[in-house]
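Chemist: sharing a model prediction with you, sequence too.
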Amino acid sequence: MFVYINKIVFTVLCAIILFFITGCIIEALRKQVKFAKSLLILLVTTFFIVVVYLLILYSKKSIVALALFGIYFALLDYQMYAILNFEHDMLLKRRVSSKYTGFLHAFQVLVLIDISLFLFGNLPGQTFYSVFPLYYGDKISCWKIDYHHFFYVHILINFTLAVLVLNRILIDIKNTKKIFQPKFIMLEVLFFLQMLFNILFVILSNYIPSVGIDNSVLLTGFLSIIAFSFTLYSENKNLLRKMMANSSDLISDAVICFDNQKQVIFINKLGKLIYEENDKEWLDKYFLKKDDNVFSNEELREYGELRYFTSEFHKIRDEKNRYSGAFIKLDDRTEIVRNMQKEEYRAKHDELTGLYNRNFFFAEMERILTESPQVPRYLVCSNIKNFKLVNNLFGTRTGDLILRKQAQMYSFARYEDCIKGRISGDKFAMLIRKEHFNPQTAINNTNRVCEILENTNYKIQIRLGIYEIANPFENVHTMYDKANLAIKNAVDDYNSTLVFYDTSLMQKMMAEKNVISEFKYALSSKQFIMFLQPQINSKNGKCLGAEALVRWYEMDKGYRQPSDFIPILEKSGLIYELDYYIWEAAAKQIKHWEEMGLDDFYISVNISPKDFYYADIYEVFTQLVQKYRISPKKLNLEITESFVFDNDRIHKQVFTELKNYGFNIEMDDFGSGYSSLNAVKELDVDVIKIDMNFLRKSENQERGRLIISAIVQMAKKLNKTVITEGVETQEQADFLKEIGVDKFQGFLYSKPMPVSDFEEKFMGVK
């Protein structure tokens with residue numbers, strides 16, 4: 001390196017270096033980064049080092065060369081301080097520690113001492129160093145230094161400064177973040193090389209006479225330019241690239257950059273995973289579009305899992321609008337999409353069973369029927385009888401298990417356009433094509449649900465109401481009501497699982513609605529009339545009293561039979577109003593008879609179990625007899641045996657109190673249920689009315705006679721009066737009289753009749 005270089009060549013090289021340093025100085029002035037100022041000082045110092053050395057090279061007098069060498073060595077010292085300051089500013093520290101401040105002060109003192117030695121130690125008469133010319137031909141080629149012993153003080157100081165700078169840079173390399181370390185490593189290497197070549201020049205120039213021009217000046221300038229380029233440009237670009245790569249790896253977006261040949265030139269970690277895991281064809285559609293900016297949605301795999309992204313694809317063009325590349329950014333929206341899907345699922349599905357909820361089922365049903373109205377379909381609905389009782393007996397967990405099992409029953413039907421939903425509670429519905437519905441499969445699936453409680457004493461009953469859709473444009477809720485109507489009107493038969501809707505059910509429902517809507521007016525306008533059916537003494541054939549029955553009479557339609565309206569009123573809760581109407585009519589009639597002197601007759605009135613939900617029965621009847629001042633013995637109260645077991649002790653206590661008050665209590669339809677004897681045991685009634693089904697003609701007629709005889713004998717032993725209703729033949733009457741029945745009631749004697757007819761026929765009133 002330290003070989004002879006022609007003075008002109010050296011000068012040209014220095015000029016080139018000065019040109020580039022000048023450019024670096026101008027660029028440093030333009031930069032706004034913090035360390036640009038300290039970098040500028042370093043560059044200016046290097047600029048003057050080269051300039052001063054060129055002045056030394058072309059000086060004609062030794063005294064000028066000697067002075068310039070002093071400035072030159074002083075600038076070299078100051079350059080080390082500039083390097084140290086530049087290195088500190090690159091750390092981007094806002095505050096300087098007290099320890100580092102002390103270090104800088106010590107360093108500055110050493111620099112000032114060394115500079116003082118150069119500036120003042122070489123004045124005339126001093127022996128710090130001297131200069132002498134080297135000739136090339138007859139002209140001075142350069143000035144060479146003759147180092148004196150005192151010059152080694154400078155070497156010692158200079159070496160100390162160099163070690164301090166190198167050590168400081170090493171400390172900062174160790175303490176700074178890895179991403180910034182290359183800058184300090186490069187600075188350390190450049191400074192070390194500069195010091196190494198300066199030392200080599202000093203050594204070689206002492207022992208090799210031909211070494212005159214300090215080639216290390218070129219290296220100093222060259223290394224300054226490299227430091228500028230590396231720290232401010234090349235390494236900044238690398239640093240920027242690393243920071244962008246690290247930053248892009250931390251964000252949740254995938255970023256992929258392409259050149260103009262669709263080759264990947266940059267890809268972050270997430271982008272690499274997506275790019276490698278999915279087929280590359282999904283990217284082609286972006287490049288094929290004419291638009292420079294394309295926004296879309298993508299479903300791509302990440303770690304084998306399907307995820308959802310919104311994509312932004314942008315083509316990049318240069319200042320001449322030439323296509324130079326592109327990039328795509330994928331924003332991971334998986335959690336948002338999945339939350340939306342969950343919300344959408346919850347909005348459409350029942351949480352417990354996973355089937356469609358009511359609103360969405362009906363909406364989908366309407367859509368399917370509208371899109372293909374020509375396809376024959378069934379609407380199948382199901383209902384668990386007394387499901388509330390299941391929850392009460394076995395708990396809601398068992399109830400939920402049954403509901404989920406029933407949902408699975410519907411899930412077996414996997415056909416085109418087949419939808420299933422939970423409408424409410426234990427009510428489910430399914431729209432299915434008629435060709436796909438298999439009745440036996442439906443029954444089998446229903447039985448599987450019923451088997452859940454097969455080890456208990458409780459048997460689940462599930463019915464399926466089926467409506468064959470005749471008009472696909474009919475209101476879907478009306479269709480559902482029709483399917484449910486089939487269930488509601490089914491006979492109480494555990495073997496009757498499938499019930500098909502027919503038009504008669506709707507007619508029946510409309511008839512019920514008509515009864516309910518007309519009831520209030522009919523009651524207020526006294527369209528309900530009390531009829532009486534006589535009860536005859538079996539011994540002498542005389543009429544002792546009557547059972548009060550009701551008929552509904554309309555001027556334009558005539559009489560309605562009780563079976564046409566009594567069950568409807570019981571189901572709707574209106575029966576109490578009608579019952580009270582008849583009870584009061586009976587009390588009035590008894591009072592009227594007493595006033596006529598016919599006080600031997602009584603009237604029996606019926607009490608429905610539902611009457612207890614609307615009134616205090618004890619208070620009602622005691623007030624009636626008090627209001628009309630009649631004997632409670634003349635107003636008999638008739639109940640059914642099932643009433644004893646369908647109601648609690650409070651209701652039974654009411655009848656005990658009524659009996660103690662003086663009312664006669666009659667038990668109607670004795671023998672028609674399965675617990676008649678228990679009924680007599682639970683409630684001390686006065687009269688037993690035997691169901692005449694025992695005497696109907698059948699293969700077991702003789703057995704029926706034996707049973708009814710036993711009942712009468714038992715009643716007699718309990719001191720109960722026995723009435724048989726439904727007596728139609730003389731043969732029946734003779735048999736009943738023979739076994740000890742006290743009273744007869746039936747068509748043999750009279751059908752129910754208006755009060756006036758009863759009075760005329762059985763009381764002699766004309």
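Modeler: Cool, got the structure. Small disclaimer: the values here were computed from a predicted structure and weren't measured.
Chemist: just the helices in the stretch 401-550 of the chain please.
Modeler: 439-450, 476-488, 503-524 (DSSP state H, counting those that start in this stretch).
Chemist: mind giving me the packing neighbours of the shortest one?
Modeler: Spelled out, it's helix 439-450. The contact analysis (3 or more Cβ pairs under 8 Å, 6 or more residues apart in numbering; DSSP states H and E) places helix 439-450 against helix 396-411, strand 462-468, strand 498-500. C-beta here means a position set from N, CA and C on the backbone, and glycine is covered the same way.
Chemist: reformat these as TSV; add mean neighbour count, mean pLDDT and distance to N540.
Modeler: Conversion of these to TSV gives the following (neighbours: other Cβ atoms under 10 Å; pLDDT from 0 to 100; distance: least, Cβ to Cβ, whole Å):
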stretch	mean neighbour count	mean pLDDT	distance to N540
helix 396-411	17	84	61
strand 462-468	23	88	53
strand 498-500	18	85	52
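Chemist: of those, which is nearest Q561?
Modeler: strand 498-500 (25.5 Å; Cβ to Cβ).
Chemist: so what's the residue count around F360?
Modeler: 17 (other Cβ atoms under 10 Å).
Chemist: off-centre distance for stretch 702-722?
Modeler: Relative to its chain's centre, stretch 702-722 lies at 68 Å (Cα atoms, centre = their mean, to the nearest Å).
Chemist: for stretch 351-367, same thing?
Modeler: That offset, for stretch 351-367, works out to 17 Å (Cα atoms, centre = their mean).
Chemist: please point out which parts of it sit buried.
Modeler: Neighbour-count burial for stretch 351-367 flags 353, 355-358, 360-362, 364-366 (criterion: 16 or more other Cβ atoms under 10 Å).
Chemist: do the same with stretch 221-229
Modeler: Buried residues in stretch 221-229 (16+ other Cβ under 10 Å): 221-225, 227-228.
Chemist: and after the host helix or strand of M365, which helix or strand comes next?
Modeler: Assigned by DSSP states H and E, M365 belongs to helix 358-371. Next helix or strand after helix 358-371 toward the C-terminus (DSSP H and E): strand 377-384.
Chemist: tell me what angle that next one forms with helix 358-371.
Modeler: Per axes from the mean of the first three to the mean of the last three Cα atoms, to 10 degrees, the angle that strand 377-384 makes with helix 358-371 is 160 degrees.
Chemist: direction-wise, compare strand 377-384 with helix 396-411 and give the angle.
Modeler: Using the same axes, to 10 degrees: strand 377-384 against helix 396-411 is 160 degrees.
Chemist: where does the stretch 651-766 of the chain dip in pLDDT?
Modeler: Low-confidence segments of the stretch 651-766 of the chain, defined by pLDDT under 70: 671-682, 694-700.
Chemist: helices along that one, start to end?
Modeler: So, for the stretch 651-766 of the chain - with DSSP H, counting those that start in this stretch - the helices run 676-682, 701-717, 730-739, 755-762.
Chemist: quick check, E298 in a helix?
Modeler: No: counting by DSSP: H, G, I helix; E, B strand; the rest coil, E298 falls outside a helix, being strand.
Chemist: any idea how far H314 is from C257?
Modeler: 10 Å (Cβ to Cβ, to the nearest Å).
Chemist: that older thread, so which of the helices of the stretch 651-766 of the chain comes closest to K60?
Modeler: Taking the helices of the stretch 651-766 of the chain one by one with Cβ to Cβ, helix 676-682 is closest: 145.4 Å.
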